[in-house]
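Student: For reference, the sequence and a predicted model appear below.
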Amino acid sequence: MFGAANVLAQGEAAFPPSVEDFYLPGILPWGAENSYWFTKITAMVWLAVGVLIIFFLATYRKPQLVPTKKQWLAESIYGFVRNNIAVDMIGHAGVRFAPYFTTLFCFILLTNLFAIVPFFQISPNSHIAFPTILAVISYVLFIYAGIRHHGAGKFFKNSLIPPAPWYILPLLIPIEFASTFLFRPFTLAVRLFANMFAGHMILLVFTLGGFAMLNANAWLAPVSVLSWVMTVALTFLEFLVIVLQAYVFTVLTASYVQGSLADEH
Amino acid sequence: MFQLAAEGGTEHNPILPVWQEIVVGSIAFAILCFVLMKFVFPRMEQTFQARVDAIEGGIKRAEAAQAEANQLLEQYRAQLAEARTDAAKIRDDARADAEGIRQDILAKAREESDRIIAAGKEQLAAERATIVRELRTEVGTIAVDLASKIVGESLADEARRKGTVDRFLSGLESTGAR
């Protein structure tokens, strides 16, 4: 929201908000355009990583058989992903993947959550770079798991050749290839990115829209208030989207891993 | 919008990732994965396992103790039954022994009494014979003495010589016996 804040500070609300509102000026060097090494976005990523590491290390420094409250909290996060995602989707073999899935889930959840935390108010995942990284890891993970489980030949045969009559295979194989090896990482990344991007955009529209109307005509003040009320309501919706997208990303990754571990197509 | 774009110099395309962010995000996420997957979640698995072991181990220990107790109970019951049989056997044996001993003692006592009675009878007979012999001599002597006094002469030698007295006494005996 630095961009928006700058705009507001200048006294002119730039409305409607644009893509450029997502590309905030750098922190180091201060205010530099198109400098991405240290921006609010990367700072939030580092903060998320730091918070998660400190939280888990602190709560799990001395694990007890009978857990303390904090330990119980950390364990229930892990237990949720382990039992309700990894084991449910993949079965007993899923326990192996549970640590990564939990890390993934926590990282996405926390970075998404920045979208509605005051003063952060933008999610790093609204920059496609971060969802891309996670999607690439998921992509490599499910291919690697499949090759390791079946061997390369059998894995690609399982993934590409569905049990269908031979004369339809020329049609099916390209479709299978595209859906499994081309679209999966792309859809994973874009789904998360687009949700967070759109969420931020909608909140900007309603927030800045209120200011725009107020500046345009004092008689529009009640509508401005309505616009801001809508912002609050949409923030709740955004919270739902945040949790859901973190869950969906993890579940889809687990589902891809399950698909590549499965014996039959 | 156009202003900002002009300031930024270039229009941004949101679907194209910024490579600097990819680098930063990769490093940050790699660190996060490394720490959590190496130091936190494996320990959680261990704790879960320890908890399962603690619960299952408790159940198993209880089951083992129960089984041991049952086995001991069976063993004690068997021992008790065995002890009862033994006791009955010992009692029977003792009874039989006592009976045998009683019989032995009775037999011995009877034998002893018979022996004593027999000895007594023998002695009595011997004594009687001795007395009879002595009496016979004495009675003879007295009779001879008496007769000598009456007859006035000593018939002692004569009587001894001829065995008169004995013959008389024998005659007496035989008449007495008849």
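Tutor: Good, I have the coordinates.
Student: which stretches of the stretch 151-265 of chain A aren't confidently modelled?
Tutor: Scanning the stretch 151-265 of chain A for pLDDT under 70 picks out the ranges A:264-265.
Student: near chain B at all, the helix or strand A:V205 falls within?
Tutor: Secondary structure from DSSP states H and E places A:V205 in helix A:184-216. Yes: Helix A:184-216 lies in contact with chain B when judged by C-beta under 8 Å from any C-beta of the partner chain; the contacting residues are A:V190, A:F193, A:F197. In short, each C-beta sits where N, CA and C put it, glycine included.
Student: low-scoring pLDDT stretches of chain B, where are they?
Tutor: Within chain B, the stretches with pLDDT under 70 are B:1-10, B:152-156, B:159-160, B:176-178.
Student: Tell me the helices and strands packed up against the longest helix seen in it.
Tutor: Ranked by residue count, the top helix of chain B under DSSP state H comes out as helix B:41-151. With contacts defined as 3 or more C-beta pairs under 8 Å, 6 or more residues apart in numbering or on different chains; DSSP states H and E, helix B:41-151 has these neighbours: helix A:69-79, helix A:98-113, helix B:156-162, helix B:164-177.
Student: can I get the ones you listed in JSON lines with distance to A:T42?
Tutor: Formatted as JSON lines, those follow (distance: least, C-beta to C-beta, whole Å):
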{"stretch": "helix A:69-79", "distance to A:T42": "25"}
{"stretch": "helix A:98-113", "distance to A:T42": "11"}
{"stretch": "helix B:156-162", "distance to A:T42": "174"}
{"stretch": "helix B:164-177", "distance to A:T42": "162"}
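Student: Just name the most buried of those.
Tutor: Relative to the other members of those, helix A:98-113 carries the highest mean neighbour count by mean count of other C-beta atoms under 10 Å in any protein chain shown, namely a mean of 24.
Student: got the angle for that helix vs helix A:184-216?
Tutor: Helix A:98-113 runs at 20 degrees relative to helix A:184-216, counting by axes from the mean of the first three to the mean of the last three C-alpha atoms, to 10 degrees.
Student: Show the end-to-end separation of stretch A:105-120, please.
Tutor: Distance between the boundary residues of stretch A:105-120 (C-alpha to C-alpha, to the nearest Å) amounts to 20 Å.
Student: can you check stretch A:109-119 too?
Tutor: End-to-end distance for stretch A:109-119: 17 Å, by C-alpha to C-alpha.
Student: Also stretch A:216-225?
Tutor: 14 Å.
Student: and A:T235, what is it in contact with?
Tutor: With C-beta atoms under 8 Å, 6 or more residues apart in numbering or on different chains as the criterion, the residues that contact A:T235 are A:I116, A:L203.
Student: do you know how far it is from A:S260?
Tutor: 38 Å (C-beta to C-beta, to the nearest Å).
Student: Name the residues of the stretch 151-265 of chain A found near chain B, please.
Tutor: For the stretch 151-265 of chain A, the residues in contact with chain B under the definition C-beta under 8 Å from any C-beta are A:V190, A:F193, A:F197.
Student: who touches the second one in this structure?
Tutor: For A:F193, the contacting residues are A:N125, A:S126, A:H127, A:I128, A:P131, A:T132, B:P14, B:I15, taking C-beta under 8 Å, 6+ apart as the criterion.
Student: mind checking how far the fifth one is from chain B?
Tutor: In this structure, A:P131 and chain B are 9 Å apart, going by C-beta to the nearest C-beta, to the nearest Å.
Student: From what I see, that residue and A:V190 are in contact.
Tutor: Yes: between A:P131 and A:V190 there is a contact at 7.5 Å, judged by C-beta atoms under 8 Å.
Student: The two: who's more crowded?
Tutor: A:P131 (29 against 17; other C-beta atoms under 10 Å in any protein chain shown).
Student: So that one: helix, strand or coil?
Tutor: What DSSP: H, G, I helix; E, B strand; the rest coil gives for A:P131 is helix.
Student: do the one 3 residues further on as well
Tutor: In terms of secondary structure, A:L134 is helix; the call rests on three-state DSSP.
Student: Read off the pLDDT value for it.
Tutor: Turning to A:L134, the model gives it a pLDDT of 96.
Student: isn't it right next to A:A189, touching?
Tutor: Yes: under the criterion of C-beta under 8 Å, A:L134 is in contact with A:A189, at a separation of 7.4 Å.
Student: mind checking how far the longest helix of chain B is from the chain centre?
Tutor: The offset between the C-alpha centroid of helix B:41-151 and the centroid of the whole chain comes to 14 Å, using C-alpha atoms, centre = their mean, to the nearest Å.
Student: of all the contacts of A:F193, which two lie farthest apart?
Tutor: Across those, the longest distance by C-beta to C-beta is 13.7 Å; it joins A:N125 and B:I15.
Student: So which of these two has more stuff around it?
Tutor: Here A:N125 and B:I15 are set side by side on neighbour count (other C-beta under 10 Å), and the busier one is A:N125, at 33 against 12.
Student: A:G31 and A:P25 touch, don't they?
Tutor: Yes: in this structure A:G31 lies within contact range of A:P25 using C-beta under 8 Å: 4.7 Å.
Student: wait, A:Q245 sits on A:N195?
Tutor: Yes: judged on C-beta under 8 Å, A:Q245 makes contact with A:N195 at a distance of 5.0 Å.
Student: Give me the phi and psi for A:P29.
Tutor: phi -70, psi 150 (degrees, to the nearest 10).
Student: Okay, it and A:V241: tell me how far apart.
Tutor: Summarising the geometry, the distance separating A:P29 from A:V241, computed by C-beta to C-beta, is 34 Å.
Student: same question, A:W37
Tutor: Between A:W37 and A:V241 the computed distance is 29 Å (C-beta to C-beta).
Student: Which residue ranges of chain A form helices?
Tutor: In chain A, the segments counted as helices under DSSP H are A:2-9, A:40-59, A:69-79, A:88-90, A:98-113, A:129-150, A:152-160, A:169-177, A:184-216, A:221-261.
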